[in-house]
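Visitor: need coordinates for the following:
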Amino acid sequence: MNLGPSGHADTFTRNHLPPFEEWPELDLEGFEYPDYLNAAVELTDRMVEKGFGDHTALIGNGRRRTYKELTDWTNRLARTLVEDYDIKPGNRILIRSANNPAMIACWLAATKAGAVVVNTMPMLRAGELMKIIDKAEVSMALCDTRLMDELIAVAKESPFLTQVIGFDGTANHDAELDRAALDKPVHFEAVKTGRDDVALLGFTSGSTGVPKATMHFHRDMLIIADAYAKEVLHVTPEDVFVGSPPIAFTFGLGGLAIFPLRFGAAATLLETASPPKMVEIIQTYKATICFTAPTAYRAMLAAIDEGADLSSLRIAVSAGETLPAPVFEEWTRKTGKPILDGIGSTEMLHVFISNHLGDSRPGCTGRPLAGYTAKIVDEAMNEVSRGTIGRLAVKGPIGCRYLADARQKDYVRDGWNLTGDAFFQDGDGYFHFAARSDDIIVSAGYNIAGPEVEAALLKHEAVAECAVIGVPDEARGMIVQAHVVLNDRSTASEAMAKLLQEYVKTIIAPYKYPRSIVFTDALPKTESGKIQRFRLKQSTGA
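Guide: Just a heads-up that it's a prediction; the model follows:
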């Protein structure tokens with residue numbers, strides 16, 4: 001495979017791409033872009049040229065910003081990065097912020113300046129940031145002034161981080177970067193990056209040890225919109241997006257920035273995207289597309305029962321956790337609108353298998369998007385029969401390219417991306433999630449998928465949330481343990497545990513029932529709402 005021309009002066013990322021023989025096979029048919037492409041220009045300046053200048057682009061910090069305002073803002077910032085801070089094309093810039101318009105503006109500006117962006121979450125601490133910065137050899141960090149301390153600590157120790165520049169996350173322009181940009185001209189000649197230049201380093205979340213960084217090109221930024229957002233969401237300029245995933249995650253970057261901006265729609269940005277806050281935003285701004293986790297949708301269903309008006313939503317996208325069939329069915333019944341499950345990964349940048357409008361099934365992940373192919377394989381990469389649980393393998397226009405990492409060979413085999421998920425394919429060819437490959441519970445010789453047990457428990461009216469893990473057992477090797485949050489916490493008892501165990505036996509094969517039930521007030525979750533089962537395992541010594 002030959003890479004296209006590059007606009008990078010700093011060639012660090014291209015120099016650290018995996019050898020071509022370790023790349024996944026890429027199918028780029030239908031995703032043709034010019035040799036030189038700057039994704040940020042396509043999402044801002046180009047949209048103004050297309051006549052969207054007066055359309056709302058971003059909603060946040062109590063105000064709306066049009067595409068013209070966003071374009072001018074990002075051009076000033078980009079000019080500042082180049083003229084005042086000597087940023088060169090290909091330099092890595094880390095951004096640290098919660099979801100707000102200023103973070104989006106910094107990401108776009110850095111991309112226009114030809115930098116390679118590393119978006120990070122506010123919850124990361126100095127030690128975690130240090131690993132990211134040193135692996136990517138990050139020289140500059142742009143940081144919400146409310147979150148500076150951890151990065152300042154890193155700068156004192158890292159041999160790479162030389163500049164930590166504050167920006168005003170409240171968008172009042174009261175910080176060093178904002179003040180420097182205020183007097184800059186609104187015109188900026190964006191760096192002529194190549195479509196195959198790295199635009200983003202996506203670091204995997206929740207891992208231990210040395211983090212993995214996936215390198216995504218400028219063309220990849222547009223492919224996810226031209227594939228998923230176009231095919232599944234049918235985005236129009238009238239759409240208003242809302243959601244909870246952090247922009248630091250590629251899922252959030254797509255759903256709350258790239259997708260709306262690619263099609264002239266608007267994105268609402270919430271620093272604290274709790275279910276009540278999302279309900280408020282949906283009602284206030286008549287949001288039409290929502291991205292959040294199943295647990296949040298359960299809370300929103302309760303809000304509907306209390307009189308909340310979510311009728312403006314036309315699509316709910318579920319992420320972070322597999323969508324339990326009871327949530328699918330209740331949402332569909334109460335709203336009359338689709339809720340779409342799917343699967344994506346940092347390595348694949350965004351969703352590659354999804355349910356579709358008019359073709360959505362409960363408890364099912366869906367079909368591959370156009371341009372993607374998927375299959376279920378065994379350990380030897382042989383395709384297994386329909387209905388058999390195996391490893392999910394996928395390929396398409398985007399794939400895993402780790403930054404200088406021997407683990408590339410684990411994720412990519414024979415040209416296929418192995419996502420680390422256990423799936424099966426039904427007789428109609430639809431894909432169904434079973435578990436993360438390392439979350440299959442082997443008990444007395446039986447393979448038990450935790451999400452299947454969770455889905456059974458969630459059908460019971462007493463259960464608000466649950467998470468299933470495997471714990472050691474002398475007789476059976478492992479047993480299924482369910483951590484359960486009850487709707488009425490006061491009903492937690494041995495009798496309730498027995499009731500739920502017997503109930504599960506009526507829903508799925510009896511050998512799968514949770515032999516241990518732990519009642520809890522809350523489940524540990526990531527900032528995006530994903531349940532952290534590894535923390536449950538740590539607490540139980542599993």
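
Visitor: top helix in this structure by residue count?
Guide: Counting residues, the longest helix found in the chain (DSSP state H) is helix 67-83.

Visitor: listing partners with orientation, what would you give for the very next helix or strand once past that one?
Guide: Downstream of helix 67-83, the first helix or strand assigned by DSSP states H and E is strand 92-96. In the sheet, strand 92-96 lines up against strand 116-120 (parallel), strand 140-144 (parallel) (DSSP bridges).

Visitor: any chance of those in TSV, with distance to G366 and mean pLDDT too?
Guide: Yep, even glycine has a C-beta here, placed from its N, CA and C like the rest. Below are the strands paired with strand 92-96 laid out as TSV (distance: least, Cβ to Cβ, whole Å; pLDDT from 0 to 100):
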stretch	distance to G366	mean pLDDT
strand 116-120	27	98
strand 140-144	36	99
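
Visitor: for A199, find the nearest of the ones you listed.
Guide: Evaluated over the strands paired with strand 92-96, closeness to A199 peaks at strand 116-120, with 6.5 Å, by Cβ to Cβ.

Visitor: show residues contacting that closest one.
Guide: 12-13, 90-96, 103, 107, 110-111, 129, 132, 136, 138, 198-201, 203, 213, 247-248, 253 (Cβ atoms under 8 Å, 6 or more residues apart in numbering).

Visitor: about what we covered before: got CSV for the strands paired with strand 92-96, with mean neighbour count and distance to E383 too?
Guide: What follows is the strands paired with strand 92-96, written out as CSV (neighbours: other Cβ atoms under 10 Å; distance: least, Cβ to Cβ, whole Å):
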stretch, mean neighbour count, distance to E383
strand 116-120, 25, 36
strand 140-144, 25, 45
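
Visitor: if I look at K459, how far off is R489?
Guide: 20 Å (Cβ to Cβ, to the nearest Å).

Visitor: so between those two, which is more surrounded?
Guide: For K459 versus R489, neighbours defined as other Cβ atoms under 10 Å are more numerous around K459 (15 against 11).

Visitor: next, the buried residues of stretch 346-354.
Guide: Buried residues in stretch 346-354, counted by 16 or more other Cβ atoms under 10 Å: 346-354.

Visitor: return the member of those residues nearest to H8.
Guide: Closest to H8, out of all of these and judged by Cβ to Cβ, is L349, at 19.6 Å.

Visitor: residues in contact with the residue nearest in space to the middle of the chain?
Guide: Nearest to the mean C-alpha position of the chain, counting by Cα atoms, centre = their mean, stands F251 at 2.3 Å. When contacts are counted by Cβ under 8 Å, 6+ apart, F251 touches 245, 291, 319, 344, 350-351, 528.

Visitor: now T272
Guide: Contacts of T272 (Cβ under 8 Å, 6+ apart): A98.

Visitor: can you do 7 Å?
Guide: Taking Cβ atoms under 7 Å, 6 or more residues apart in numbering, we find T272 in contact with no residue.

Visitor: do the same with F20
Guide: Counting by Cβ under 7 Å, 6+ apart, F20 has contacts M1.

Visitor: next one: it relative to Y402, how far apart?
Guide: In terms of Cβ to Cβ, F20 sits 14 Å off from Y402.

Visitor: same check, this time on A229
Guide: Distance, A229 to Y402, by Cβ to Cβ: 26 Å.

Visitor: ok, now D521?
Guide: Computed with Cβ to Cβ, the distance linking D521 and Y402 is 39 Å.

Visitor: more crowded one of these two?
Guide: Neighbour totals were compared for D521 and Y402, and Y402 leads with 22 against 8 (other Cβ under 10 Å).

Visitor: on the pLDDT front, check the residue nearest to K230 when sequence neighbours are not counted for me.
Guide: Leaving aside its sequence neighbours, K230 sits nearest to F263 (Cβ to Cβ, 6 or more residues apart in numbering; 7.8 Å). Looking at F263, its pLDDT reads 99.

Visitor: TSV for the strands paired with strand 92-96, including distance to N417?
Guide: Listed next are the strands paired with strand 92-96 as TSV, based on distance: least, Cβ to Cβ, whole Å:
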stretch	distance to N417
strand 116-120	22
strand 140-144	30
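
Visitor: tell me which of these lies nearest to L26.
Guide: So among the strands paired with strand 92-96, strand 116-120 is nearest, using Cβ to Cβ, at 19.8 Å.

Visitor: correct me, but Y297 touches V327?
Guide: Yes. Using Cβ atoms under 7 Å, Y297 makes contact with V327 at a distance of 5.7 Å.

Visitor: any idea which helix or strand comes after the helix or strand containing L201?
Guide: Assessed by DSSP H and E, L201 sits inside strand 198-203. Per DSSP H and E, the first helix or strand lying C-terminal to strand 198-203 is strand 213-217.

Visitor: what average pLDDT does that following strand get?
Guide: Strand 213-217 comes out at a mean pLDDT of 98.

Visitor: tell me what it is packed against?
Guide: strand 198-203 (3 or more Cβ pairs under 7 Å, 6 or more residues apart in numbering; DSSP states H and E).

Visitor: any weak-confidence spans in this structure?
Guide: For the chain, applying pLDDT under 70 flags the ranges 205-209, 438, 445, 528, 541-542.

Visitor: per-domain residue ranges of it.
Guide: By the assignment in automatic domain parsing, the chain contains the domains 12-22+33-233, 240-435, 444-540.

Visitor: export those to a markdown table and append columns for distance to M1.
Guide: Below are the domains of the chain laid out as a markdown table (distance: least, Cβ to Cβ, whole Å):
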| stretch | distance to M1 |
| --- | --- |
| domain 12-22+33-233 | 5 |
| domain 240-435 | 11 |
| domain 444-540 | 33 |
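
Visitor: and of these, who's closest to P5?
Guide: Per Cβ to Cβ, nearest to P5 of those: domain 12-22+33-233, 4.8 Å.

Visitor: what about the closest one, start to end distance?
Guide: Start to finish, the residues bounding domain 12-22+33-233 are 36 Å apart (Cα to Cα, to the nearest Å).

Visitor: from the chain's centre, how far out does that domain sit?
Guide: 16 Å (Cα atoms, centre = their mean, to the nearest Å).

Visitor: from the buried residues of stretch 346-354, which land in strands?
Guide: Judged by DSSP state E, the buried residues of stretch 346-354 include 351-354 as members of strands.

Visitor: make CSV from the residues you listed and add distance to T170 to it.
Guide: Output for these, formatted as CSV (distance: Cβ to Cβ, whole Å):
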residue, distance to T170
V351, 32
F352, 36
I353, 38
S354, 35
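
Visitor: related to what we said a few turns ago, packing partners for the strand holding L201?
Guide: strand 116-120, strand 213-217, helix 218-224.

Visitor: tilt between that strand and strand 92-96?
Guide: Taking axes from the mean of the first three to the mean of the last three Cα atoms, to 10 degrees, one finds strand 198-203 and strand 92-96 inclined to each other by 50 degrees.

Visitor: could you tell me the angle between strand 198-203 and strand 213-217?
Guide: If you take the same axes, to 10 degrees, strand 198-203 sits at 160 degrees to strand 213-217.

Visitor: can you pull out the residues in contact with strand 198-203?
Guide: 13-14, 39, 92, 111, 116-118, 132, 136, 211-218, 221, 250, 346, 349, 403.

Visitor: can we see that at 6 Å?
Guide: 13, 39, 111, 116-118, 132, 136, 211, 213-216, 218, 221, 250, 346 (Cβ atoms under 6 Å, 6 or more residues apart in numbering).

Visitor: go on, stretch 339-346?
Guide: Counting by Cβ under 6 Å, 6+ apart, 202, 204, 214, 250, 316-318, 323, 328, 331, 350-355, 360, 365-366, 419 sit against stretch 339-346.

Visitor: let me see the ranges of the strands in the stretch 251-400 of the chain.
Guide: Using DSSP state E, counting those that start in this stretch, the strands of the stretch 251-400 of the chain run over 266-268, 289-292, 315-318, 339-340, 342-344, 351-354, 367-368, 373-377, 390-395.
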